[in-house]
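Q: my questions concern the predicted model and sequence given below.
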Amino acid sequence: MHCECGDQLAAALQAIVDEGAGVLVYAQGHEGRGIGLLAKLKAMRLQEEGLDTVEANIALGLPVDARDYRAAAEILNDLGVRSVRLLSNNPAKVDQLKRHGVRISERVPLLVTPNDENLRYLRTKQERMHHFLPHLDLIESAESGQGVAEALHQ
C-alpha cells in the first residue's frame with residue numbers, strides 16, 4: 001500500500017498480454033530504488049515520522065535513487081530487442097537506458113490508481129523526482145475528506 005510497485009507490475013504484465021508481445025525485465029537489487037530492503041524499511045520509518053521519500057534517503061546518507069540500468073540494457077540486447085516502448089513514468093530510467101544503448105521508440109506512462117496510503121509518496125516522486133504522474137493532478141487534496149479512489153472517479 002505504501003508504494004505503487006505491485007500495481008505497476010500487474011499493469012505492465014497486463015499491458016504486455018493486451019499487446020500480444022513484450023518483455024518484462026525484473027532487475028534484481030532495485031528494491032527501495034536500489035538502496036536495498038533494510039535501508040528501505042529504515043527510510044519508510046523516517047517517512048512515518050514526516051520526511052518524504054527523498055528526504056528519508058538523504059537523512060540515511062543514501063542516494064535518492066541508486067539504481068543502475070546497465071544489466072537491463074544488456075538483457076534486452078542479449079534478447080535481440082532493438083527498440084522498446086518503455087512502460088515507465090521515471091525520466092531517469094529513460095535517460096539511463098538510452099545511455100546504455102537502448103533505443104526507446106516511445107515512453108508509455110504506467111499510471112495506476114493511487115490510494116490514501118501512497119498519495120503523498122507519489123506526489124513526492126512527481127514534484128521532486130519529476131516522474132510523469134499527471135493523474136495525480138486530478139485528485140483534490142486529502143483535506144477534501146474524500147478517499148483517493150472517490151476523487152479519481154468524479
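A: Alright, I've got the coordinates. Because the structure is predicted, anything quoted here is derived from the model rather than measured. Numbering: from 1, shown residues only.

Q: the chain: strands as residue ranges?
A: Under the criterion DSSP state E, the chain contains strands at 83-87, 103-108.

Q: can you give me the helices for the protein?
A: Secondary structure of the chain (DSSP state H): helices at 5-19, 31-34, 37-48, 53-59, 70-78, 91-99, 119-128, 148-152.

Q: would you mind giving the ones you listed as TSV with mean pLDDT added?
A: Compiled in TSV, the helices of the chain are given as follows (pLDDT from 0 to 100):
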stretch	mean pLDDT
helix 5-19	95
helix 31-34	90
helix 37-48	95
helix 53-59	97
helix 70-78	96
helix 91-99	95
helix 119-128	94
helix 148-152	58
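
Q: relative to Glu106, which of those helices is closest?
A: Taking Cβ to Cβ, helix 91-99 is the member of the helices of the chain nearest to Glu106, at 10.4 Å. The C-beta positions use only the backbone N, C-alpha and C, and glycine is treated the same way.

Q: now stretch 120-133: buried residues?
A: Neighbour-count burial for stretch 120-133, counted by 16 or more other Cβ atoms under 10 Å, picks out 121-126, 129, 131-133.

Q: so who does Val102 touch?
A: Taking Cβ atoms under 8 Å, 6 or more residues apart in numbering as the criterion, Val102 is in contact with 72-73, 76-77, 81, 84.

Q: buried ones among the residues you listed?
A: Using 16+ other Cβ under 10 Å as the burial test, the contacts of Val102 include 72-73, 76, 84 as buried.
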